[in-house]
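# Structure for this input, please:
(2 chains)
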Amino acid sequence: MKAMLILELKKNAQDRGLLFWMIILPIAFTVLFISVFTSGVPDADQETVILSIVPGYTVMFVFFILISMVNTFLKDRDVGMTARIASTSLSSIKYLLGKWLPYMFIVWIQIFILLAFGKLVYQVPLGQPWYLLITSAVLAFSATGIGLALSMLVHTENMGIALTQVFALGGAMLSGLWMPLEMMPDFMRIIAHGLPQYWAHQELQDAMNGTLKLSLFAKATAVVFAYGCIGFLIAFMRYPHFLKKARG
Amino acid sequence: MLSIQSVSKNYGKNQALQDATLSIPAGSCYGLVGPNGAGKSTLLKILSSIIQDYTGKVDMPKPEDIGYVPQEICLEQTLSAASNLHFFGRLYGLRGKELRQRTEEVLAEIGLSKRGKDKIIEFSGGMKRRINIGCALMHQPKLLIMDEPTVGIDPQSRKYIFDMIHQLIKKGCTIIYASHYMEEVETLCDHVAFIDHGKILQESSMDALLQQHVTPAVFVKGQLSPPSKLAASDNITEKNRGHLITTNQPLAMMDQILHHYKNDADKLEQLQLVQPKLEDVFFQLTGSALRDKSS
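Here you go, the predicted structure:
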């Protein structure tokens, strides 16, 4: 498994596209939207807007890792690498973990950079750092777990990109990452309570503000974590089918 | 001895492999010959544990003792040759000093010692093929399974790969070599199996197979008519403005031809012993040439 970990980290370290999707684009969006939504707004309200946008866009862009994950799995499948690895004594669970963990690490770093950017540029508070650390880790686990499942389910890269947009943008909209949930219709609020983005946003926002209660932390963490577990379970069950489609 | 017995595999309604039975002597170079889509890759995937949902019995070494060289070049293009070898070495359980040492050894075996740090993307197709093979040699497997390892490469790289295979055979490694290039299989392998439409048509030692199916022949081209005794025979056919004479005693036949031209030696343009070829056997067994099937 360590071999897979090292290989994936080496590959991703050279991937400039990943840097664009994971860091540059979210920072650009954060800056753009903060300047749009704080223009002409009183200073007191500006803080509230910024405190919603920084964690909101962080959560939204975390899910763009799905594109890279789908891309790497399908590429491996189509060039014969998946089949070749399957011919070694590496078990399927170690293969999946070896591919998954580096992405989890990358997303964790991404969250750290985006929150640090918010802190340095917009002076957002990081009131409960331990809660932030754990929430970030669980969010990284969840997003990449969903990415893992998606990679095993889709047949083509285009399908993967399309579904990533649905997860990232649809989930962001429904979870109140773009605008306060209070402004949305009732049915959308109900849907939001079933989405990991909503709970991760609530956790990050409250932990940054220093007001995250243990009960919400436990509940939100459980929901977000469950998504990651389900993702891994689907990926594990789907792997034999994925391998059948592999060239080589 | 490695063996598979009555192995079948379906892809939906398509039967990729039907009741395949093979015996592969340890230490042999075993050729698996058939056109594209015949079932070779499916069989190799079963042998290398990639496909596990099949019926029948497979008696093979453990995955740790098998090296698999796929038809595709399965290398990380943006990483160096040494990094790729390291990766597969680690997958096969090598660590630390042993891993570094084997990487150096394999780079030397594939003739790329000085280019270990170069990225795969910078190599020629033939060099990539050699690294592709090298990855499967990292753990010094007892069985090497090669699926069309010379597709699309230059003659020099092909020769290099052949030399590598000869060295491996000398070291006692068993090799299963799948190809639709008959000449390669004939050059390298001592045993061969023909596969078509998912069925094993025949398996045997190379010599026995050639002797069983193809009669040797003599090709003669000259200005004299063939000896009258031969001309009336069914064993003579016209070919390339000469005559092809099939016979179980080709040397005696050549002697007879030379005698026929004894007084007109300057009129004999060509006299050649025609060795039996694997492609002829395939033709006899299937009724069509391999390249016709491939196309």
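
# Let me see the ranges of the helices in chain A.
A:2-13, A:16-19, A:25-38, A:43-62, A:65-79, A:81-86, A:92-122, A:129-153, A:157-165, A:171-174, A:186-192, A:196-209, A:214-244 (DSSP state H).

# of these, which approaches chain B most closely?
Set against chain B and scored by C-beta to the nearest C-beta, these come closest in helix A:2-13, at 3.3 Å. (Glycine included, C-beta is placed from N, CA and C.)

# which helices and strands does that closest one pack with?
helix A:65-79, helix A:92-122, helix B:81-91 (3 or more C-beta pairs under 8 Å, 6 or more residues apart in numbering or on different chains; DSSP states H and E).

# Touching, residue A:15 and residue A:65? I think so.
No - counting by C-beta atoms under 8 Å, residue A:15 stays clear of residue A:65, with 11.5 Å between them.

# These two - which one has more neighbours?
residue A:65 (24 against 16; other C-beta atoms under 10 Å in any protein chain shown).

# so what's the more buried one up against?
A:21-22, A:103, A:106-107, A:110, A:143-144, A:147 (C-beta atoms under 8 Å, 6 or more residues apart in numbering or on different chains).

# And for residue B:250?
B:216-218, B:273-274.

# Now it: closest residue in space that isn't a chain neighbour?
In this structure, residue B:250 finds its nearest non-sequential neighbour in residue B:216, 4.5 Å apart by C-beta to C-beta, 6 or more residues apart in numbering or on different chains.

# and the one you found, how many residues sit next to it?
18.

# close enough to count as contact, it and residue B:244?
No - Residue B:216 is beyond contact range of residue B:244, at 10.8 Å (criterion: C-beta under 8 Å).

# so what's in contact with those two at the same time?
In contact with both residue B:216 and residue B:244: residue B:274, using C-beta under 8 Å, 6+ apart.

# need the residues of chain A near chain B, please.
Residues of chain A lying near chain B by C-beta under 8 Å from any C-beta of the partner chain: A:2-4, A:6-7, A:10-11, A:14, A:79-81, A:83-90, A:240, A:243-244, A:246-248.

# Just the buried positions in the strand or helix carrying residue B:132, please.
Element membership for residue B:132, per DSSP states H and E: helix B:125-137. Across helix B:125-137, burial judged by 16 or more other C-beta atoms under 10 Å in any protein chain shown covers B:126-137.

# Stretch A:170-183 now?
Those would be A:171-178, A:181, for stretch A:170-183 by 16+ other C-beta under 10 Å.

# So which residue is smack in the middle of chain B?
residue B:185 (2.7 Å; C-alpha atoms, centre = their mean).

# any idea how far it lies from residue B:147?
In this structure, residue B:185 and residue B:147 are 13 Å apart, going by C-beta to C-beta, to the nearest Å.

# do residue A:94 as well
From residue A:94 over to residue B:147 (counting by C-beta to C-beta), the distance is 24 Å.

# just residue B:240 next, same as before
36 Å.

# Between the two, which is the more surrounded one?
A side-by-side neighbour count of residue B:240 and residue B:147, using other C-beta under 10 Å, places residue B:147 first with 23 against 9.

# The more buried one contacts residue B:74, doesn't it?
No - Residue B:147 lies out of contact with residue B:74 (C-beta under 8 Å); the separation is 10.9 Å.

# Grab the two from the buried residues of stretch A:170-183 that are most spread out in space.
A:171 and A:181 (13.0 Å; C-beta to C-beta).

# follow-up on the earlier one: wait, the residue nearest to the centre of chain B touches residue B:179, no?
Yes - contact criterion C-beta under 8 Å: residue B:185 and residue B:179 qualify, at 5.5 Å.

# anything in contact with each of those two?
B:31, B:33.

# before we move on, what SS does the residue lying closest to residue B:80 once chain neighbours are set aside have?
Among residues not flanking residue B:80 along the chain, residue B:117 sits closest, at 5.1 Å (C-beta to C-beta, 6+ apart). Following DSSP: H, G, I helix; E, B strand; the rest coil, we place residue B:117 in the coil state.

# any idea how far residue B:79 is from residue B:117?
From residue B:117 to residue B:79 the distance is 10 Å (C-beta to C-beta).
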